[in-house]
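>>> Give me the fold of what follows.
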Amino acid sequence: MNGLLLHCGSKNVDRDDLKYIETPHGTASWKPVPHYEVAELVRGEAMERGYDITSEEYGLNPSGTKMFGVLRFQPHGHPEYARALGFRNSHDKSLALGITAGLTVFVCDNLAFGGAMTIHRKHTSGIEVESLIPDAFGRLSEQYIRLERNVDTLKVMSVSIDEARVITVKAAEIKAIPPSDILSVLKGFREPQHEEFKPCNMWGLYNSFTETAKKYSPPRADFAYRKLAGLFGLDK
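Purely as a prediction, here's the structure:
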């Protein structure tokens, strides 16, 4: 199970479970979209475009008003990670409908997201998800290429432990992680669980953050990934 969808007050659900989440009535200016409809449209568009889906995961906050999903795709030839797609939806006006490109790191099943949403559309009365989602997929390939290039850049950027301390404190200052997790991130950087992250570089530090984020709820993890993407330059 990955960092985005592990629960802390929230829960993992199957796609079919989303059918039973009640969608509130809209207003003249607000049109909530059923979670199940979003999940089905995203999955259907992926299959229509020939994406070989290897897994799909969904998470809900306790009230069911926020939904987060991750689809993973057949490895595309890279030995370290495969492509993933993250998406989210809300019934309480707290989150816009969003889809973003991501990577799943094989060795630890951590996620890296590019930060910038391919679509980021509020639930206004004019929202048409049937056209928004295909348009988003049309831009995903470019996002994946950019994200993979940025990851390669992180791998060649050396980081000392003192520099890691500064970056980790900054992450807490921008609320990417709570201050109580600073020591956990630094310990993961100094003593990584996997050989792949032993070189002291920015990629290893980033994965220490995402390893720590596995305990976060879906909404908290979503916020953390977006903040970390900006901090580490994955959204450029």
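>>> and the longest helix seen in the chain, how far from the chain's centre?
Determined from DSSP state H, the single longest helix within the chain is helix 129-155. Distance, stretch centre to chain centre, for helix 129-155: 12 Å (CA atoms, centre = their mean, to the nearest Å).
>>> which parts of that helix are buried?
129, 132-133, 136-137, 140, 143-144, 146-148, 150-151, 154 (16 or more other CB atoms under 10 Å). (Each C-beta comes from the backbone N, C-alpha and C, glycine too.)
>>> for stretch 96-112, same thing?
Within stretch 96-112, the residues scored as buried using 16+ other CB under 10 Å are 96-105, 108, 110-112.
>>> Switch the residues you listed over to a markdown table; also include distance to Ser180, pLDDT and secondary structure.
Shown next, in a markdown table, are the buried residues of stretch 96-112 (distance: CB to CB, whole Å; pLDDT from 0 to 100; DSSP: H, G, I helix; E, B strand; the rest coil):
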| residue | distance to Ser180 | pLDDT | secondary structure |
| --- | --- | --- | --- |
| Ala96 | 29 | 83 | coil |
| Leu97 | 32 | 86 | strand |
| Gly98 | 28 | 86 | strand |
| Ile99 | 31 | 88 | strand |
| Thr100 | 27 | 88 | strand |
| Ala101 | 30 | 89 | strand |
| Gly102 | 26 | 90 | strand |
| Leu103 | 27 | 91 | strand |
| Thr104 | 27 | 89 | strand |
| Val105 | 24 | 86 | strand |
| Cys108 | 22 | 82 | coil |
| Asn110 | 20 | 83 | strand |
| Leu111 | 22 | 84 | strand |
| Ala112 | 23 | 85 | strand |
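>>> Among the residues you listed, which one sits closest to Glu48?
Distances from the buried residues of stretch 96-112 to Glu48 were compared by CB to CB; the smallest belongs to Ile99, at 14.8 Å.
>>> Roughly how far does that closest one sit from Pro34?
Distance, Ile99 to Pro34, by CB to CB, to the nearest Å: 16 Å.
>>> cool, and Ser184?
37 Å.
>>> State the mean pLDDT of stretch 140-156.
Average pLDDT, stretch 140-156: 91.
>>> quick revisit: packing partners of the longest helix of the chain?
Packing partners of helix 129-155 (3 or more CB pairs under 8 Å, 6 or more residues apart in numbering; DSSP states H and E): helix 35-48, strand 81-90, strand 97-105, strand 110-113, strand 119-121, helix 202-212.
>>> Would you mind finding the most buried of these?
strand 110-113 (a mean of 26; mean count of other CB atoms under 10 Å).
>>> ok, back up a step: Pro218: which of the buried residues of stretch 96-112 is nearest?
Leu111 (11.7 Å).
>>> Report whether the expected contact of the closest one with Val70 is present.
Yes: using CB atoms under 8 Å, Leu111 is in contact with Val70, at 7.0 Å.
>>> Contact partners for the residue lying closest to Val33 once chain neighbours are set aside?
Spatially, and ignoring its direct neighbours in sequence, Val33 is nearest to Val129 (5.5 Å; CB to CB, 6 or more residues apart in numbering). By CB atoms under 8 Å, 6 or more residues apart in numbering, the contact set of Val129 is Val33, Glu37, Val38, Leu41, Leu97.
>>> What pLDDT is listed against the fourth one?
As predicted, Leu41 sits at a pLDDT of 92.
>>> Repeat that for the first one.
Reading off the per-residue confidence, Val33 sits at a pLDDT of 90.
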